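Visitor: Give me a model of this one.
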Amino acid sequence: MKRLCLFSIIIAFVMASTPVYAEERVPQRAPLGNGNLAVKLDYIVFTDPHWGDHDDDGLYIGLEGYGEITRNLYLGGEVGGAFNVTVFGDDITFYPIELNLKYGIEAAPNFVIDFGAGVSYTYTEIRRQYFLPPRIKKDDDWLFGGQFFADLTYKIRWFFIGVNTKYQITEDFKDEDFDLNNWRVGAQIGVTF
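Guide: As a prediction, the model looks like this:
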């Protein structure tokens, strides 16, 4: 009788642990799919004291795409443009091209947190208005830089929405004593595949 009980316990243990072991061996789905595309709409704030009055803050629109290179690690990029319009002062046009690496984890069912960093090359044009004598002066430059960022995403099957924040550092504008370092905060909408 003892042998039968011991044999039954062993069989029950093996049968109960087999599905658990099988679940562990099944590859987990990538948190943001094998790849993803998103459109971003952000508020941008330039942080150099030269832009201290916040008249130069603006709107940033971007398109990003990523592909999974290993479990939870994504390589991709972003292109976009930031614009501000001021009546008196400097108008800034800002077009970053970014190459980023990010790590995503599923923090809760359907919620993904990702964070990463990358390098950028940004075309910038600054348009200045002068009143005495009245004239407009345009300067442009390509700026090297880098950025780090974090996103919180909610997935609904292949569709997702989320919020993002990014801090970008740039080199100084040519022949000037200011940079175009900036914060961006906003929302994104996209698809996974």
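
Visitor: alpha carbons only for contacts and neighbour counts from here, please
Guide: OK.

Visitor: Could you check how far the residue most central in space within the chain is from Glu98?
Guide: Taking Cα atoms, centre = their mean, the centroid of the chain lies closest to Phe149, which sits 5.5 Å from it. Remark: distance between Phe149 and Glu98 (Cα to Cα, to the nearest Å) = 12 Å.

Visitor: if we can go back for a sec, going by secondary structure, the residue nearest to the centre of the chain is in what exactly?
Guide: strand 134-156 (DSSP states H and E).

Visitor: That strand pairs with which strands?
Guide: Here strand 134-156 is paired, per DSSP bridges, with strand 111-131 (antiparallel), strand 159-170 (antiparallel).

Visitor: Which of these has the highest mean neighbour count?
Guide: Comparing the strands paired with strand 134-156 by mean neighbour count (mean count of other Cα atoms under 10 Å), strand 159-170 comes out on top with a mean of 19.

Visitor: May I have it exported as PDB, CA atoms only?
Guide: What follows is strand 159-170, C-alpha atoms only, in PDB (Å, rounded to 0.1, in the frame of the first residue of the first chain):
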ATOM      1  CA  PHE A 159      -2.400  48.300 -32.000                       C
ATOM      2  CA  PHE A 160      -0.900  50.500 -29.200                       C
ATOM      3  CA  ILE A 161      -1.100  53.900 -27.600                       C
ATOM      4  CA  GLY A 162       1.300  55.400 -25.000                       C
ATOM      5  CA  VAL A 163       3.200  58.300 -23.500                       C
ATOM      6  CA  ASN A 164       6.800  59.200 -23.900                       C
ATOM      7  CA  THR A 165       9.500  61.400 -22.600                       C
ATOM      8  CA  LYS A 166      13.000  62.200 -24.100                       C
ATOM      9  CA  TYR A 167      16.000  64.300 -23.200                       C
ATOM     10  CA  GLN A 168      18.300  65.200 -26.200                       C
ATOM     11  CA  ILE A 169      21.700  66.800 -26.000                       C
ATOM     12  CA  THR A 170      23.200  68.600 -29.000                       C
END
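
Visitor: elements contacting the next helix-or-strand element following it?
Guide: Moving toward the C-terminus from strand 159-170, the next helix or strand (DSSP H and E) is strand 182-192. Counting contacts by 3 or more Cα pairs under 8 Å, 6 or more residues apart in numbering; DSSP states H and E, strand 182-192 is packed against strand 35-46, strand 159-170.

Visitor: Those strands: which one's closest to Val112?
Guide: Among these, strand 159-170 comes nearest to Val112, with 9.2 Å by Cα to Cα.
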